[in-house]
Every structure is written in C-alpha cells, then in structure tokens.
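> Below are the sequence and a predicted model for it; my questions follow.
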Amino acid sequence: MTDLNISLWGAGGAIILAVVIYNFWQEYRAKKNVQRAFGDPRDDVLMKADVPASPAVRRQEPRLDEAPATEDTGTQADESRPVAPPAGSLAVDDFIECVITMDFENPIRGEKILAEIQSLRIVGNKPVHFVGVGSAGARENISHAGNYSQLIVGVQLVNRSGPLNELEYSELVTKLRQISDNLNAFLDIPDMKHVMDSGHDLSLFVSEHDAQLSVNVLSKGAPWDIGTLMAALEKLGFDARPDGRLVMMDGEGGALFTLAIDGGPASRVASRISLLLDVPCVAPKRGGFVAMVSCAKSLALRLGGALVDDSNAPIDDATLAQIHEQVEVFYSAMQAAEIPAGSARAIRIFS
C-alpha cells in the first residue's frame, strides 16, 4: 500500500469520525435543549389539562382549511377527534339522516329487534342508527325488555368522506328488507333520488364549513430531541395517541386540539411541532382557538422557537386576531344552520 493510499485512508477515517462526533453532539444538544426548556417548575396555567376558555381574543388563523360542523345528537366520534359531551338525545337525528320506518303488525320485544339489527351498524362508511316507538307512542332507545310497535332507522346522509351514495343506500335497503321479512313488518322506503339530493345539499354545508386551524412552532436554533420532547409534552397534559399525535384535553373528557411532531418514525430530532384545531368539532365556549394559540406561544418560549404558518412564515398577534374574528363568524354561521360547533350533530357529520 502506497503512502498516498495510507494518507487517503487516514483522511477518510478522520472525516467519518468527525461526522459521528458531530451527530452525537447534535443529539446531545437537542436533548439538553428540551430538558432545559421543560425543567423549569414554574406554574404555567395554559399547560394544565383543564384549560380555561378565555373569553375574547379575536383572531384569524395561520391556516383556515375548511371543516364541517354538527348539532346535538348522540353519536360517538373517533378517538383522534374531540368527543361530544354526554347528551340524552336519541340516536336517530332526522336533520342529518335519511329516516326509514318499519311498522310491526303487533308490538315486538326489544330483544328480538336487537338480535336482528345488531350486525347492521354501518353501510359503506355511513353509520346506521335505530330507535323504537314504544307503548306511549314516543321514540325511545331500544331496550331488551321494551315493546315496540315501530322501528325507526336512520342512516347518516354525509360525513367528511362525502354524501351517502346509491350503492350504500341500496345495501341498506336490501338488508332492511331482510330484517322486515324476519319480523313480519311493513317497510316504508324513501325515494332514492330524494335521499341523494338531501345528502348532496348537506354535503355542501360540510365542505363549506370543514375548517381546521393550524399553528406551528419552529426551532430558532438546534433541533429538539424527540424522545425527550414527547415525554415532556405528556407531562404537560398532552395525551399520546397510537397514531403518534398528542391531544390536549379540556379536563371534562373532551379534546381541545392536537399536536404533532414533524419528522418520520425514524427521526430522533425535530425542528418543528404543529398544533391543530378541528373547528366545527369544538364548541365556542370551550375556547379552543385561544387555548391552542396560548399553548403554542408557551411552547415557543420554552423551546426557543417561533410561531409560523404552514409555509414557515412568521405569525404575529395582528394576524392571530384576524383569524379569531373569522372563527367567531364561522361559529355564528354554524349556529344559524342548526349545526352548532362542538355539538353531537356536528361531530357526527364531521367525522
């Protein structure tokens, strides 16, 4: 081996060693940055799980993507979205569902009805709900011991994936006809065109009100160590979910907003975190936007970061104030449409 080869090998080894040392130092600094940021035991009101809903602070958002809204009617939302507060309303909601009735020749016990409908909870990706008409002639949730003269079926007309389509409606009708035969009942099926038109109209509302607001915190210096950052955020009240997002709860079982750490699964450091508010799914009185902005500002202060929009352009207080004004107008429009933000009805159609 020539002296030149030996020199090249030596230089290459030195470069590799330098890169390894540099990467180790970067990770060490990232971890120390996060530990310093969250090591201060000072009391930070906004980072507590039960975030108070601050009254006024009119703001607009760094990004106002469209998002649907809903009204009070009981149905569950998936775990990544805000959960509707408990309500005593019945499952079937004529306002957002196509309603189909099934009349019995003689009253039928709830246990027999439940046995027939237990496998019919969804068609395509649209939820199906049932209530019965009891002896008093009023709608009620079906119980095993109850007796019912009529079964009322509701299939949701729209969700974020779009309106109920012909295939989904045909599948539902086919299954209901089989149930009707088994229960010796008379089925009243609405005209398909009328149902499709209703779904299309409601879908327009959903697309026009599907607003999601995001604000990001961008590191102004060294990146943050992801493992240390995740642990610190959980201590501050964020609830970690299986999909990698963290959710800030409101102290009453509802989610206010979510937080995601940028970077792939294999990333060990990150330079940006993103907070997201699902506007139509959070009631105005819960102060979701104000809480999210306050949280972002607190994190920026702790981590040595800056508030930016999705293009990494800085966001100032004047812009945030304009966004908040738009949010208030948005809430008013949803209320006027009888689909108030944060209601069970809104959460159902914006799922």
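Structure's in. What do you need?
> Could you chop the protein up by domain?
Split into domains by automatic domain parsing, the chain comes to 97-206, 209-349.
> Figure out the length between the terminal residues of the longest one.
The reference is to domain 209-349. One end of domain 209-349 sits 11 Å from the other (CA to CA, to the nearest Å).
> what's the average pLDDT for it?
Averaging pLDDT along domain 209-349 gives 92.
> Equivalent analysis for the shortest one, please.
Across domain 97-206, the average pLDDT comes to 96.
> From the chain's centre, how far out is that domain? Work that out for me.
Centroid separation for domain 97-206 versus its chain: 26 Å, with CA atoms, centre = their mean, to the nearest Å.
> Return the most buried member of the domains of the chain.
Mean neighbours per residue, mean count of other CB atoms under 10 Å, is largest over these for domain 209-349, with a mean of 19. The C-beta positions use only the backbone N, C-alpha and C, and glycine is treated the same way.
> So what's the gap between it and the chain middle?
In this view, domain 209-349 has its centroid 11 Å away from the chain centroid, taken as CA atoms, centre = their mean.
> just stretch 204-216 next, same as before
Worked out by CA atoms, centre = their mean, stretch 204-216 lies 11 Å from the chain centre.
> got the end-to-end distance for it?
End-to-end distance for stretch 204-216: 29 Å, by CA to CA.
> next one: stretch 158-167
End-to-end distance of stretch 158-167 (CA to CA): 14 Å.
> Contact partners for the residue nearest to G199 when sequence neighbours are not counted?
Take G199 and drop its neighbours on the chain: the residue closest to it by CB to CB, 6 or more residues apart in numbering is P163, 3.5 Å away. P163 makes contact with 157, 196, 199-200, 202-203, according to CB atoms under 8 Å, 6 or more residues apart in numbering.
> Sitting in helices, which of these do you find?
Mapping the contacts of P163 onto helices (DSSP state H) picks out 196, 199-200, 202-203.
> Switch these over to CSV; also include distance to S332.
What follows is the ones in helices among the contacts of P163, written out as CSV (distance: CB to CB, whole Å):
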residue, distance to S332
M196, 30
G199, 25
H200, 25
L202, 19
S203, 21
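> Find the pair from those with maximum spatial separation.
Using CB to CB, the pair of those lying farthest apart is M196 and L202, separated by 11.1 Å.
> Quick check: what element follows the longest strand belonging to the chain along the chain?
Ranked by residue count and defined by DSSP state E, the top strand of the chain is strand 97-109. Note on strand 97-109: by DSSP states H and E, the next helix or strand toward the C-terminus is helix 110-117.
> can you state the direction angle for that following helix and strand 97-109?
Helix 110-117 and strand 97-109 are oriented at 130 degrees to each other (axes from the mean of the first three to the mean of the last three CA atoms, to 10 degrees).
> Neighbouring strands - and their directions - for the very next helix or strand once past helix 110-117?
The helix or strand immediately downstream of helix 110-117 is strand 122-123, counting by DSSP H and E. Neighbouring strands of strand 122-123 in its sheet, by DSSP bridges, are strand 126-133 (antiparallel).
> in the stretch 151-300 of the chain, which spans are helices?
In the stretch 151-300 of the chain, the segments counted as helices under DSSP state H, counting those that start in this stretch are 166-182, 192-208, 226-235, 288-303.
> will you turn those helices into a markdown table that also has distance to V279?
A markdown table is the format used below for these (distance: least, CB to CB, whole Å):
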| stretch | distance to V279 |
| --- | --- |
| helix 166-182 | 27 |
| helix 192-208 | 12 |
| helix 226-235 | 22 |
| helix 288-303 | 8 |
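> Report whether Q150 is found in a strand, as I expect.
Yes. Per DSSP: H, G, I helix; E, B strand; the rest coil, Q150 lies within a strand segment.
> That one reaches G134, doesn't it?
No. With contact taken as CB atoms under 8 Å, Q150 and G134 are classed as non-touching, separated by 9.2 Å.
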